[in-house]
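Participant: Need a 3D model of the sequence below.
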Amino acid sequence: MESAPTTRRGIPFWVAAVCLAALFVGIGDHELWTPDEPRVAEVARAMAAGSSWLVPQLAGRPFVEKPPLYFWLSALMLLTLGKVVGATAALRLLPALCGASTLIVLYRAVRRYLGNPQAIGVVLVLATMYGFFHATHWIVVDPLLMFLTSGSVLFLFEGLDREKPRILLAGYLLAGLAFLTKGFVAWAVIGVPGVMLFVLYFRTITHRPLLHLAGFLLLLAPVIAWMGAFYLRGGPELWREWFIENQLGRFLGRTDYLGHIRGPFYYLSIVPGVLLPWTPVLIGWIVRRRWRTIAGYPPAVRNLYLTILAWAFGGLFLLSLAGTKRDIYLFPLLPGFAFLIATSLEGSARWVNAVLKVICLLLLLPMIFFTFGSLVWEEGELTLQWGFSLPLLACAAGALFALIRYRRNILAVTGAVTGLFYLAVVLAVFPVIDQAKNYEPATRYIAAAIPIGDRSSVCAWNSDETTRAIFSYYTGLTLSDIRDGGDLKDSLMRLQKVLDLEDPQYTSVIVLIKYDRVFPPEGISLDPEQIRAKTNMGINRTLLLISGKE
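Facilitator: Residues are numbered from 1 along each chain as shown. Below you'll find the predicted structure:
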């Protein structure tokens, strides 16, 4: 019988500190970025400001794509920390805390079964995955789902394996809370390893049926409570929109108007990038068929491996069946892949270690470059300016030191260089991205051009959810788009009435022009003097404020 793999070389404290610091550095130094952050942030702001906590609101309209748990927590972050660290930083702190919590539950489980060195290795791998760094710096619901999924799967496993009722019930409860984060897809992701657990621990489960009945009741209680309250408050139409269109429709790919419809092999090209820099390790694990060694591990460790295999690869297969696909949907699977990568790193093929070192060298080069040069986004163009940055020099020096000092400890080298690279990205790249993705300046500029007495008589044309959310979040201006709820001909007729001051409700309009589209549309009469304000909004968007012709 083989023993479980272990990490023989320790991880220097400063390396672990750098990797953990990357969780929180940079979360408060930039504003909301498209495409998702404005919508999530505005829903949370509206809740904190007093809108319905049962039916989330986006710019004055129901937003029922997902259940509300993430929005509840975000609203609480605004109410408790918003005035201390700023609204956007408070909102972005939540995914960072979800990431930290995921690392804690993963460390706890691995330490119990494989020991402290291996647990540290798994945490280091996950903390330095690109997908994980992305998740912890983005205001989206998926980091919370990652934490709840990880906690549920690992607690259910430990509760069954060690016959710990409290831990088992905690796993069931976290599964119920995961549903309140993203609906039935959360149960599907947990259900794949759940089936594996049922097979592995069938006797244990059937031996105490009342305990598991209590677990299912604990799982269903928050779900039924919210679904009942949501139906009573929102009514059958909103229920249908949530359940039919956003739950079933997105999975089956029947709501193509909601976007993100992809083919079945979409994730094959996405997973390698999400797992960077550790992708070569997983490829080596697959190529060398190292999963065959699992059969020789002690029973508890073997069962842990089988459960995590079902979690990572079974979840990937399940998500590939769904009609809608995005890279962020992979976040709940990252801890499972981190476990497989970290536990197979020791004894990897030489080419795997060589590729990891090449990746580290490639990450070092931009750190050196940005030490003496910086990118600046000015008037729609990206320019290079020479200068000197001491913090970036420190990042580059630390990475070079790790490459030399820990050259035989590939885990320490890759973790140190990647963690320092993320810190360098926050310092050198985030400001440039903020200039391109931050819509706040354009939004405030247009809002400031509206006379205070006219704010209630402004409508929108060709706006999207992101634009309406941005205006509501930063300026308190709730926009109604006159293109909503009617055919194009009727909408054009009403637009002309607004421009001619003949509309009974609106006297001016905010127009969003995307990419190379033109305004006004054919058949619409517009005097250039009616344009009160015009500004660029990001890279490919332009905002116009147009008043009615007097």
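Participant: C-alpha only now, for contacts and for neighbours.
Facilitator: OK.
Participant: Going by contacts, tell me the helices and strands next to the top helix by length along the chain.
Facilitator: Identified as the longest helix of the chain according to DSSP state H is helix 209-240. If you count contacts as 3 or more Cα pairs under 8 Å, 6 or more residues apart in numbering; DSSP states H and E, helix 209-240 packs onto helix 165-182.
Participant: what's the angle between the helix it packs on and helix 209-240?
Facilitator: 10 degrees (axes from the mean of the first three to the mean of the last three Cα atoms, to 10 degrees).
Participant: and the next element down the chain from helix 165-182?
Facilitator: Where DSSP states H and E defines the elements, the next helix or strand beyond helix 165-182 is helix 184-200.
Participant: Can you give me the buried ones in the helix or strand following that following helix?
Facilitator: Going down the chain from helix 184-200, the next helix or strand is helix 202-207, by DSSP H and E. Neighbour counts over helix 202-207 (16 or more other Cα atoms under 10 Å) mark residue 205 as buried.
Participant: Please export the C-alpha coordinates of helix 202-207 as CSV.
Facilitator: Output in CSV follows, covering the C-alpha atoms of helix 202-207 (Å, rounded to 0.1, in the frame of the first residue of the first chain):
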residue,chain,number,x,y,z
PHE,A,202,-23.5,4.2,1.3
ARG,A,203,-23.4,2.1,4.4
THR,A,204,-22.6,5.0,6.7
ILE,A,205,-25.5,7.0,5.2
THR,A,206,-28.0,4.2,5.5
HIS,A,207,-26.9,3.4,9.0
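Participant: Now find how far off-centre that helix is within its chain.
Facilitator: 37 Å (Cα atoms, centre = their mean, to the nearest Å).
Participant: And the contacts of it?
Facilitator: Residues from elsewhere that reach helix 202-207 (Cα atoms under 8 Å, 6 or more residues apart in numbering): 160, 163, 198, 212.
Participant: Make a markdown table from those and add pLDDT to it.
Facilitator: Shown next, in a markdown table, are these (pLDDT from 0 to 100):
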| residue | pLDDT |
| --- | --- |
| 160 | 96 |
| 163 | 93 |
| 198 | 96 |
| 212 | 95 |
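Participant: between those residues, which is closest to residue 517?
Facilitator: Checking the contacts of helix 202-207 against residue 517 by Cα to Cα gives residue 198 as the nearest, at 55.4 Å.
Participant: just to revisit the earlier point, could you list the buried residues of the longest helix of the chain?
Facilitator: 211-212, 215-220, 222-223, 226, 230-231, 234, 238-239.
Participant: Please indicate which of the contacts of helix 202-207 are buried?
Facilitator: Applying 16+ other Cα under 10 Å to the contacts of helix 202-207 flags 160, 198, 212 as buried.
Participant: So which elements touch the strand or helix carrying the first one?
Facilitator: Per DSSP H and E: residue 160 is located in helix 142-161. The contact analysis (3+ Cα pairs under 8 Å, 6+ apart) places helix 142-161 against helix 87-114, helix 165-182, helix 184-200, helix 299-309.
Participant: Which neighbouring elements make contact with the shortest one?
Facilitator: Okay, so that is helix 299-309. Secondary elements touching helix 299-309 (3+ Cα pairs under 8 Å, 6+ apart): helix 87-114, helix 142-161, helix 184-200, helix 334-345.
Participant: Next, the angle from that helix to helix 142-161.
Facilitator: 150 degrees.
Participant: List the buried residues for the helix or strand hosting residue 493?
Facilitator: Element membership for residue 493 (DSSP H and E) is helix 488-499. Of the residues in helix 488-499, 491, 492, 494, 495, 496, 497, 498, 499 count as buried by neighbour count, 16+ other Cα under 10 Å.
Participant: Let me have the residues you listed in CSV, extended by distance to residue 404 and pLDDT.
Facilitator: What follows is those, written out as CSV (distance: Cα to Cα, whole Å; pLDDT from 0 to 100):
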residue, distance to residue 404, pLDDT
491, 66, 88
492, 66, 90
494, 69, 91
495, 66, 91
496, 69, 92
497, 71, 92
498, 68, 91
499, 68, 92
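Participant: So, low pLDDT: which residues of the stretch 201-350 of the chain?
Facilitator: Counting by pLDDT under 70, the low-confidence segments of the stretch 201-350 of the chain come to 249-261.
Participant: can you do 90?
Facilitator: 234-267, 269, 287-297, 319, 321-328, 345-349 (pLDDT under 90).
Participant: rewinding a little: which one of the helices and strands packed on helix 142-161 lies nearest to residue 267?
Facilitator: Counting by Cα to Cα, residue 267 lies closest to helix 184-200 out of these; the figure is 15.4 Å.
Participant: helices or strands up against the closest one?
Facilitator: helix 142-161, helix 165-182, helix 299-309, helix 315-321.
Participant: Can you tell me which of the ones you listed is packed in deepest?
Facilitator: Ranked by mean neighbour count, these are led by helix 142-161 with a mean of 26 (mean count of other Cα atoms under 10 Å).
Participant: Centre of the chain to the longest helix of the chain, how far?
Facilitator: 25 Å.
Participant: returning to what we had before: how about the CA coordinates for the next helix or strand after the helix holding residue 493, as CSV?
Facilitator: Note on helix 488-499: by DSSP H and E, the next helix or strand toward the C-terminus is strand 508-514. Listed next in CSV are the C-alpha coordinates belonging to strand 508-514 (Å, rounded to 0.1, in the frame of the first residue of the first chain):
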residue,chain,number,x,y,z
SER,A,508,-34.1,65.2,-22.7
VAL,A,509,-32.4,61.9,-23.5
ILE,A,510,-29.1,60.3,-22.6
VAL,A,511,-27.8,58.4,-25.6
LEU,A,512,-25.3,55.5,-25.5
ILE,A,513,-23.4,55.0,-28.8
LYS,A,514,-21.4,51.7,-28.9
